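**Student:** Below: sequence and its predicted model.
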Amino acid sequence: MNTSKLNELYDLYKINTLCYGKNYDKLGDVYEDYCKYLLSSKDLLYKAQAAHIATEEDIEYRLFISMMNSHDVFDFSGINKIMVDEPVPNRNSHGKPKTDLIANIIYANGNNDKWPISCKQSQNTKVAIAEFSVDTICSEIGITNFRLKELLTKFQVTASALTFTKSEKQELRDLMKPILRIFDRWALTGSINEEPTDLRVPTTIVRFQLNKIHEFQSCSVYTIENYIDKLINGAKRGGGFGTGLSWTYATGSKGHKIQFK
């Protein structure tokens, strides 16, 4: 169920008048704006400083608290204000960064913290997070094992694991095992660094789950490392070769890139 603020944003972006493709793109804008609103709301910060007890109807306050708690912020008394910095600069390769917005926490003592955040929305349980060629994957992650690159290339070309033999599937899974965390971290953030200082590399993921008619249903907030734990611990035998990600392809890039969800 949408809040009044979400309804306002849906009206602003004319969500209910757009066809599916354009609707999906604009929903991304809606939820980025909603995330900015939640973080920079003076009213929500004042409630937290007053130790307001959230009720079931306090959806936005509960979301705000969840975002702050994800960074181990439980005491709000020393926070002067929260601003959202934008725009986020492009990567050195000129590609779009994984960071969608940067929360700037300004404290009364003059210090500040900056949290780069990746904001996602989807009606599905899986959402596309990365799409790259095997050459780019190997170059950026640092994969030098010839056999691993060969098997990744086979998946890219055939766009499926259906052409793999049982032994090839197990071999790829075994070769991926030592780099699972690095691989997932890179897919999620565009970096293999566990403690990045580059604000273009997100440290937090905010995922908005929508229902079939595009309305807000729930929200989950994770640090990147917690999300990696969730992916790997939830990986089914054989699924995603241990990464917890779905491997597929996007229309128009079949045979040239692998898409991860």
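**Tutor:** Received it, and whenever you're ready, just let me know what you need. Everything numeric here is computed off the predicted structure, so don't read it as measured data.

**Student:** Count the neighbours of residue 151 for me.
**Tutor:** 22 (other Cβ atoms under 10 Å). All C-beta atoms are positioned from the backbone trio N, CA, C, and that covers glycine.

**Student:** Let's see the strand or helix carrying it as PDB, backbone CA atoms only.
**Tutor:** Per DSSP states H and E, residue 151 falls inside helix 146-158. The C-alpha trace of helix 146-158 is given here as PDB (Å, rounded to 0.1, in the frame of the first residue of the first chain):
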ATOM      1  CA  PHE A 146      42.100 -20.200 -18.200                       C
ATOM      2  CA  ARG A 147      39.600 -23.000 -17.500                       C
ATOM      3  CA  LEU A 148      37.300 -20.700 -15.500                       C
ATOM      4  CA  LYS A 149      37.300 -18.100 -18.200                       C
ATOM      5  CA  GLU A 150      36.600 -20.800 -20.800                       C
ATOM      6  CA  LEU A 151      33.600 -22.000 -18.900                       C
ATOM      7  CA  LEU A 152      32.300 -18.500 -18.300                       C
ATOM      8  CA  THR A 153      32.700 -17.800 -22.000                       C
ATOM      9  CA  LYS A 154      30.700 -21.000 -22.800                       C
ATOM     10  CA  PHE A 155      27.900 -19.700 -20.600                       C
ATOM     11  CA  GLN A 156      28.000 -16.300 -22.300                       C
ATOM     12  CA  VAL A 157      27.900 -17.800 -25.800                       C
ATOM     13  CA  THR A 158      25.100 -20.300 -25.200                       C
END
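
**Student:** Enumerate the positions of the helix or strand just after that helix that are buried.
**Tutor:** Downstream of helix 146-158, the first helix or strand assigned by DSSP H and E is helix 166-176. Going by neighbour count (16 or more other Cβ atoms under 10 Å), the buried part of helix 166-176 is 171-173, 175-176.

**Student:** cool, stretch 150-161 as well?
**Tutor:** Applying 16+ other Cβ under 10 Å to stretch 150-161 flags 151-152, 154-156, 159, 161 as buried.

**Student:** just these now: which is nearest residue 257?
**Tutor:** residue 156 (6.8 Å; Cβ to Cβ).

**Student:** just how off-centre is stretch 141-157 within its chain?
**Tutor:** What separates the centre of stretch 141-157 from the centre of its chain is 25 Å, taken as Cα atoms, centre = their mean, to the nearest Å.
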